[in-house]
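[1] Test case, fold it:
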Amino acid sequence: MSGKVLVLNQDYSPLAVCTVQRAFLLVFLDKAELLEADSESKLRTVSRSYPSPAVIKIKQYVNVPYRGVVLTRQNIFKRDHGRCQYCGTDRDLTLDHLVPRSKGGKSTWNNLVTACKSCNAKKGNDSLEQSGFVLKTPPFKPSYIMFLRNNLGSMKKEWIPYLDAPAVA
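    Residues are numbered from 1 along each chain as shown. Next comes the predicted model:
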């Protein structure tokens with residue numbers, strides 16, 4: 001009984017990803033409704049067989065004040081697909097401030113990019129304009145749905161209709 005299950009709020013917005021065991025327990029205790037079953041597996045007891053959950057919906061609305069993606073080093077690397085935003089390499093990666101901190105640049109989604117140590121050293125304490133570098137992809141703040149959709153690794157086909165909403169950056 002391994003795997004992940006997409007948990008939706010009562011309004012069908014993505015809430016979390018949990019284990020199959022936790023999802024089955026929520027459905028069994030009538031706290032959630034099974035929306036999609038995993039077509040490749042079943043949960044079995046000695047006398048019964050149950051569908052293995054892939055997507056469940058919580059029956060009582062859970063108020064989540066704001067669900068944003070936390071600004072961390074790993075999340076910047078994930079957003080930039082583990083590639084230097086100047087030369088495209090995937091080796092010796094670090095973070096670069098487009099506007100250096102010494103010149104008033106902040107550590108924000110729109111000012112941080114993934115850079116290799118070589119490009120970061122060449123750029124030095126210059127701004128993007130001063131250095132002459134060109135970004136492969138402009139930095140942006142990812143939405144929670146977009147982050148779930150793009151960074152879960154293996155996503156089950158049953159999840160696609162629920163995570164296929166347009167991403168707002």
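[2] how about the nearest residue to the residue nearest the centre of the chain, chain neighbours excluded?
    For the chain, the residue lying nearest the average C-alpha position, counting by CA atoms, centre = their mean, turns out to be residue 147 (2.6 Å). Excluding the flanking residues, the one nearest residue 147 by CB to CB, 6 or more residues apart in numbering is residue 69, at 4.7 Å. C-beta coordinates here come from the backbone N, C-alpha and C atoms, glycine included.
[3] do residue 136 as well
    Distance criterion CB to CB, 6+ apart; nearest residue to residue 136, sequence neighbours excluded, is residue 85 at 5.0 Å.
[4] List phi and psi for the one you found.
    Taking degrees, to the nearest 10, you get phi -80, psi 0 for the backbone angles of residue 85.
[5] wouldn't it be in contact with residue 120 here?
    No - when contacts are counted by CB atoms under 8 Å, residue 85 is not listed as touching residue 120 (10.4 Å).
[6] longest single strand anywhere in the protein?
    The strand that spans the most residues within the chain, counting by DSSP state E, is strand 32-44.
[7] ok so, going back, now do the residue nearest to residue 147, the pLDDT please.
    According to the prediction, residue 69 has pLDDT 84.
[8] For it, give me its contacts.
    When contacts are counted by CB atoms under 8 Å, 6 or more residues apart in numbering, residue 69 is found next to 75, 141, 142, 143, 144, 147.
[9] Okay, and the first one sits in which element?
    Assigned by DSSP states H and E, residue 75 falls within helix 73-79.
[10] what's the pLDDT at the residue nearest to the centre of the chain?
    What the model reports for residue 147 is a pLDDT of 76.
[11] got any ranges where the chain has weak pLDDT?
    Low-confidence regions of the chain, defined here as pLDDT under 70, cover residues 1-2, 67, 149-154, 164-169.
[12] all helices in it, in order from the N-terminus.
    In the chain, helices defined by DSSP state H lie at 20-28, 73-79, 117-123, 128-131, 144-151, 160-163, listed in chain order.
[13] Rebuild those as TSV, extending it with distance to residue 5.
    Compiled in TSV, these are given as follows (distance: least, CB to CB, whole Å):
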stretch	distance to residue 5
helix 20-28	4
helix 73-79	21
helix 117-123	40
helix 128-131	42
helix 144-151	13
helix 160-163	11
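[14] hmm, back to that, who's more crowded, residue 85 and residue 120?
    More crowded of residue 85 and residue 120, by other CB atoms under 10 Å: residue 85, with 23 against 19.
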